[in-house]
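# turn this into a model:
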Amino acid sequence: MRRSIRSAGGIAALAGLAAWMLAGASPSARAQGAAKRKYRDTGEYNIFSQAYRDAGNPAAQIRDLETWAQQYPDSDFKDVRTSMLAEAYSHLNPPQPAKVLEYAAQLMSKDLKTVFDDPQEGKGQALSFLFATTVAAGAAGTSLLPNPTLEQGDLGWTAALRLKAAAAAFFAPANKPAATSDADWYKSRAVMDAAADHTLMMLEIYPAEAILAKKPQVSTECRDVAEPAYRRALEEHPDQVYVSYKLAQALQCQQRESPEKVSLAIYEYQRAAVLDPTLGGAFKDAAAIPAFADRAYTMIHGSAEGLDDLKQLVRQSALPPEGFRIRTAAEIANGQ
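Residues are numbered from 1 along each chain as shown. Next comes the predicted model:
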């Protein structure tokens with residue numbers, strides 16, 4: 001999972017990759033479920049059928065589903081309808097994550113096996129619902145969901161963990177259809193895991209993102225909120241080069257009050273430069289971050305001596321080793 005999927009467009013692309021496996025079932029399968037469920041009359045079935053046919057037009061589907069809810073509020077398929085509303089709002093352009101989470105909250109406290117109980121389609125439907133919920137929460141800190149509530153954050157965290165577990169079960173090798181290649185099967189599993197990891201990370205760092213977005217930045221906020229958040233995220237997601245870069249910025253923000261943190265910032269800048277200078281596509285110019293990181297090192301150290309060793313060191317650990325520091329040009333001149 002890379003920084004580039006943070007945008008709604010990037011997430012949508014990932015969603016499309018798995019859509020072939022999680023596509024909605026036929027109307028009869030999607031809403032049949034347990035035998036005790038029944039449509040009240042032909043009118044209810046017709047409304048549902050129209051909602052299914054409008055799946056490619058989320059706005060129209062939402063209108064269909066809202067009509068269904070108004071005319072049949074106590075439908076046997078109320079939970080199915082709620083899940084369809086959550087997914088429809090996730091497919092709008094742009095998506096509306098707050099609405100997704102609003103509807104998802106009505107189902108997440110329930111046993112999803114009873115909500116999605118169709119013997120053939122239920123597991124895929126549950127996975128699709130968890131994916132939509134997880135992706136919605138992953139918008140935390142963006143313009144789509146700038147200030148998620150505690151409840152929304154908890155909901156997203158739960159959905160992400162359940163998504164990883166559900167994907168592991170769903171995409172087990174024994175479940176792979178014969179006509180599906182191993183590569184496609186495992187790629188879809190990877191999409192689910194990436195979305196879950198992304199959301200878990202964003203729920204950890206979005207307060208820090210808001211602090212670094214300020215102009216000017218406040219060093220005490222960088223110290224007390226941003227740096228700890230990025231450190232925790234990097235400890236849990238050591239492969240996230242974007243977080244290394246943002247931790248470097250949070251450390252640099254404190255350089256006047258804590259000049260000793262400059263060395264730590266350069267370490268993280270160099271890690272981003274060495275491992276992925278585009279930060280997963282966020283930077284089009286792959287030379288910009290390496291040039292900045294090298295310049296920062298030579299300005300502090302006085303030369304490029306030791307720079308190659310540092311570039312090797314940053315490959316070994318997401319965080320610098322205990323006691324790491326770069327000798328300054330002044331220290332070298334004074335024989336320190």
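
# and the closest residue to A286 other than its chain neighbours, how far from K284?
Nearest residue to A286 in three dimensions, chain neighbours excluded: P277, at 4.7 Å (CB to CB, 6 or more residues apart in numbering). Just so you know, the C-beta spots here come from the backbone N, C-alpha and C atoms, and that holds for glycine as well. Here P277 is placed at a distance of 11 Å from K284 (CB to CB, to the nearest Å).

# give me the distance from the helix or strand containing L107 to the chain's centre.
Assigned by DSSP states H and E, L107 belongs to helix 97-108. How far helix 97-108 lies from its chain's middle: 16 Å, per CA atoms, centre = their mean, to the nearest Å.

# got the CA coordinates for it in CSV?
Taking Å, rounded to 0.1, in the frame of the first residue of the first chain, the C-alpha atoms of helix 97-108 are listed here in CSV:
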residue,chain,number,x,y,z
PRO,A,97,-17.7,8.6,3.4
ALA,A,98,-19.7,10.1,6.2
LYS,A,99,-22.9,8.7,4.6
VAL,A,100,-21.2,5.3,4.1
LEU,A,101,-20.2,5.2,7.8
GLU,A,102,-23.7,6.4,8.9
TYR,A,103,-25.4,3.4,7.2
ALA,A,104,-22.5,1.0,8.0
ALA,A,105,-22.9,1.8,11.7
GLN,A,106,-26.4,0.4,11.6
LEU,A,107,-25.0,-3.0,10.6
MET,A,108,-21.5,-3.3,12.2
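
# and that helix, what's buried?
97, 99-105, 107-108 (16 or more other CB atoms under 10 Å).

# kindly indicate which of the residues you listed lies nearest A291.
P97 (36.2 Å; CB to CB).

# please name the nearest non-neighbouring residue to that closest one.
P97 sits nearest to A136 (CB to CB, 6+ apart), 3.6 Å away.

# list the contacts for that neighbour?
86, 90, 95, 97-98, 100-101, 104, 145, 156 (CB atoms under 8 Å, 6 or more residues apart in numbering).

# next one, pLDDT for it please.
With respect to pLDDT, A136 scores 96.

# host element of it?
With DSSP H and E as criterion, A136 is part of helix 122-137.

# how far does that helix sit from its chain's centre?
Helix 122-137 has its C-alpha centroid displaced from the chain centroid by 13 Å (CA atoms, centre = their mean).

# does the helix or strand following it pack against any helices or strands, and if so which?
Going down the chain from helix 122-137, the next helix or strand is helix 150-170, by DSSP H and E. Here helix 150-170 is seen to pack against helix 97-108, helix 122-137, helix 182-212 when contacts are counted using 3 or more CB pairs under 8 Å, 6 or more residues apart in numbering; DSSP states H and E.

# what angle separates the second one from helix 182-212?
Regarding helix 122-137 and helix 182-212, their directions subtend 30 degrees when assessed with axes from the mean of the first three to the mean of the last three CA atoms, to 10 degrees.

# what is the mean pLDDT for stretch 256-268?
Averaging pLDDT along stretch 256-268 yields 96.

# what of stretch 287-304?
pLDDT averaged over stretch 287-304 gives 96.

# buried set for that stretch?
289-290, 293-294, 296-297, 300-301.

# what's that stretch in contact with?
Contacts for stretch 287-304 (CB under 8 Å, 6+ apart): 245, 262-263, 265-266, 269-270, 272-274, 277, 279, 283, 307, 310, 326-329, 332-333.

# among those residues, which are located in strands?
Using DSSP state E, the subset of those located in strands is empty.

# what remains of the residues you listed if I keep only buried residues?
Buried among the contacts of stretch 287-304 (16+ other CB under 10 Å): 245, 262-263, 265-266, 269-270, 272-274, 277, 279, 283, 307, 310, 326, 328.

# residue ranges of each domain in this structure, please.
The record's domain parsing of the chain by automatic domain parsing lists 1-202, 214-336.

# contacts for stretch 263-276 next, please.
With CB under 8 Å, 6+ apart, stretch 263-276 has contacts from 2, 241-242, 244-245, 247-249, 251-252, 255, 279, 289-290, 292-294, 296-297, 300, 310-311, 313-315, 318, 320, 324-326.

# can you tell me which of the residues you listed are in strands?
Checked against DSSP E, the contacts of stretch 263-276 include nothing in strands.

# now for L212: which residues touch it?
222, 226, 246, 249-250, 253.

# now do the buried residues in stretch 148-162.
For stretch 148-162, the neighbour count (16+ other CB under 10 Å) marks 148, 152-153, 155-160, 162 as buried.

# now these in TSV, with pLDDT and distance to L200?
Listed next are these as TSV, based on pLDDT from 0 to 100; distance: CB to CB, whole Å:
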residue	pLDDT	distance to L200
P148	95	13
Q152	97	14
G153	96	11
L155	98	13
G156	97	8
W157	97	7
T158	97	11
A159	98	10
A160	97	5
R162	97	12
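
# sweet, I'm off.
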